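Chemist: Make a model of this:
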Amino acid sequence: MKLEKSIELYNKGQHNLVGAVNSPVRAFKSVGGVPVFIDHAKGSKVFDVDGNEYIDLVLSYGPMILGHRHNKVEKSIKKALKKGYTFGASTNKEIKLAKIVCDAFPGMDKVRFVNSGTEAVLSAIRLARAYTGHNKIIKFSGCYHGHTDALLVAAGSGLATLSLPGSKGVPDEAVKNTLIAEFNNLESVRQHINAHDDIAAVILEPIAGNMGVVQPTKEFLHQLRKITQDTGILLILDEVMTGFRSKFGGAQELLGIEADITCLGKVIGGGFPVGAYGARNEIMSMVAPLGGMYQAGTLSGNPIAMACGIATLKELKRQNPYKKFNKNAIKIKKMLISSAKKYGVPVQVNHFGSMINPFFTDKDVTDFKSAQTCDTESFKVFFWQMMEHGVFLPPSQFEAWFLSSALRKRDLRKIEEAIDSSMAKVAEKKIIKQNHQNDD
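Modeler: Residues are numbered from 1 along each chain as shown. Purely as a prediction, here's the structure:
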């Protein structure tokens, strides 16, 4: 795999971009080496500036669910471009996409489009506070909800702990109303509720996707819903990642619960910057211009993004690829487990719908603490070997892999070959490391 041009661009980008990137994960810090610069994409593939071809399991972290440059989607975008790029005024496309989204989510009467998942979440939290008149938020360790100050917090050693800023530049005051609970641990939630009478909302990813793919237990999720209902606390489900990825609608419906407020992004933009938050009428009536909760955005409901989102969701509904997604995810899961067993590499594999993640650990991964038992050095070896064999993965042990409907049988065969070679390399490196330790 040649990376000369990527190296050249990386060095050139250092002059005017922070770390030569516009989002930290793209810097490949957790896997080492130089980040790959992509030139173009089509279908299930991306191609870097050095001409290397990869099967894409990143998919821009989720939105390219139909694969890259789907013909119908591209046609809709080109048609919209001819009419103008942005108006700072309303268009019919906003109404069309809003209906598609609301129809797909029980309990969502109205939606407000924004420009990112981060913006959707910060708006949803403001809405929850406006509706309840309370200030505190409970979030879960390992769940990522964007880079807004109030949610960039890290858990302490206890199950129920005061929050500490997880980033420089976030003042203590910004997170003083954020409480940390443990994913799949209901008692950690109860402790906060018993200690505070001013909690506005609990926010979580229904399927955690930023500590790898981690599912909630049925008991945890259903009891969480019951506790929030009994106490008048709103439940915010961040489906920025899971929305339209496990069914046409949200993961919450498959899991048998209904959020008070739902946050969306990724797929509903089809590759363009879009986020959204939605809820039933009585809650959304708090949002300006109907109510006193102010939120605005010049590019919200951008006509090009709306056109892309409409075309993507229409095609997604027509294809209904969800059984295929689950089938392919199970195939890849079996490939990973079989190869890991063959070479004696400890691996756990979690998947949900079109999201999948191998963890290099021998422990079941059910929360952030167990996810942190992973051997990240083994993942580094695995990552680069997969790249060498033409499979583009997220450059982090703790990021979900995504599947697209453009994935073909020949792609799966190539993925299987890459996995086998990569597991063999991981095992080889482990043996070499062990021999060095024995020599010492």
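
Chemist: okay, the closest residue to G51 other than its chain neighbours: pLDDT?
Modeler: Once flanking residues are discounted, G51 sits nearest to K2: 7.4 Å by Cβ to Cβ, 6 or more residues apart in numbering. Yep, even glycine has a C-beta here, placed from its N, CA and C like the rest. You'll see K2 listed with a pLDDT of 94.

Chemist: Ok, L152 next?
Modeler: For L152, the model assigns a pLDDT of 79.

Chemist: Then the one 5 residues further on?
Modeler: Here, the pLDDT recorded for S157 equals 27.

Chemist: rewinding a little: does the residue nearest to G51 belong to a helix, a strand or coil?
Modeler: coil (DSSP: H, G, I helix; E, B strand; the rest coil).

Chemist: got the contact list for G278?
Modeler: Taking Cβ atoms under 8 Å, 6 or more residues apart in numbering as the criterion, G278 is in contact with V101, C102, F105, M108, D109, K110, V111, R112, I261, T262, L264, M284.

Chemist: nearest to S60, of those?
Modeler: L264 (15.5 Å; Cβ to Cβ).

Chemist: rewinding a little: please list only the buried members of the contacts of G278.
Modeler: Among the contacts of G278, those buried by neighbour count (16 or more other Cβ atoms under 10 Å) are V101, C102, F105, M108, K110, V111, R112, I261, T262, L264, M284.

Chemist: just checking, the second one touches V111?
Modeler: Yes - counting by Cβ atoms under 8 Å, C102 sits close enough to V111 to count as a contact (5.7 Å).

Chemist: Give me the distance between the residue nearest to G51 and T366.
Modeler: Relative to T366, K2 is positioned 41 Å away (Cβ to Cβ, to the nearest Å).

Chemist: out of the contacts of G278, what pair is the most spread apart?
Modeler: Counting by Cβ to Cβ, the most remote pair of these is D109 and L264, 14.6 Å apart.

Chemist: Quick one: residues contacting I100.
Modeler: So I100 contacts I310, L313, K314 (Cβ under 8 Å, 6+ apart).

Chemist: Name the secondary structure element that contains the first one.
Modeler: So that's I310. helix 303-319 (DSSP states H and E).

Chemist: Quick check: next helix or strand after that helix?
Modeler: On the C-terminal side of helix 303-319, the nearest following helix or strand under DSSP H and E is helix 322-343.

Chemist: Give the rounded mean pLDDT of that following helix.
Modeler: 97.

Chemist: Next, the angle from that helix to helix 303-319.
Modeler: Here helix 322-343 runs at an angle of 80 degrees relative to helix 303-319 (axes from the mean of the first three to the mean of the last three Cα atoms, to 10 degrees).

Chemist: Please renumber the chain so that the first residue is 146 from this point on.
Modeler: Yep, numbering from 146; the last one is helix 467-488 now.

Chemist: so what does helix 467-488 touch, helix or strand wise?
Modeler: Taking 3 or more Cβ pairs under 8 Å, 6 or more residues apart in numbering; DSSP states H and E as contact, the helices and strands that helix 467-488 lies on are strand 493-497, strand 500-504, helix 554-584.

Chemist: which of those sits most buried?
Modeler: Across the helices and strands packed on helix 467-488, the average number of neighbours (mean count of other Cβ atoms under 10 Å) peaks for strand 500-504, which reaches a mean of 26.

Chemist: So in that sheet, which strands flank it, and in what orientation?
Modeler: strand 493-497 (antiparallel), strand 546-547 (antiparallel) (DSSP bridges).

Chemist: any chance of those strands in a markdown table, with mean pLDDT too?
Modeler: What follows is the strands paired with strand 500-504, written out as a markdown table (pLDDT from 0 to 100):
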| stretch | mean pLDDT |
| --- | --- |
| strand 493-497 | 97 |
| strand 546-547 | 98 |
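
Chemist: Can you get me a residue count around the residue nearest to G196?
Modeler: A count of nearby residues for K147, using other Cβ atoms under 10 Å, gives 11.

Chemist: Equivalent analysis for K190, please.
Modeler: 17.

Chemist: Also D375?
Modeler: 9.

Chemist: Ramachandran coordinates for it?
Modeler: With angles defined as degrees, to the nearest 10, D375 shows backbone torsions of phi -70, psi -30.

Chemist: tally of neighbours for S286?
Modeler: S286, neighbours per other Cβ under 10 Å, totals 22.

Chemist: I'd guessed it sits against I325; true?
Modeler: Yes - when contacts are counted by Cβ under 8 Å, S286 is listed as touching I325 (5.5 Å).

Chemist: just so I have it, where are all the helices in the protein?
Modeler: Along the chain, counting by DSSP state H, helices occupy 149-158, 216-226, 237-249, 262-277, 317-320, 331-340, 363-376, 396-400, 426-429, 448-464, 467-488, 513-516, 521-533, 554-584.

Chemist: will you turn those helices into a markdown table that also has distance to L382?
Modeler: Converted to a markdown table, the helices of the chain look like this (distance: least, Cβ to Cβ, whole Å):
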| stretch | distance to L382 |
| --- | --- |
| helix 149-158 | 36 |
| helix 216-226 | 26 |
| helix 237-249 | 14 |
| helix 262-277 | 9 |
| helix 317-320 | 21 |
| helix 331-340 | 15 |
| helix 363-376 | 10 |
| helix 396-400 | 5 |
| helix 426-429 | 13 |
| helix 448-464 | 19 |
| helix 467-488 | 19 |
| helix 513-516 | 18 |
| helix 521-533 | 29 |
| helix 554-584 | 31 |
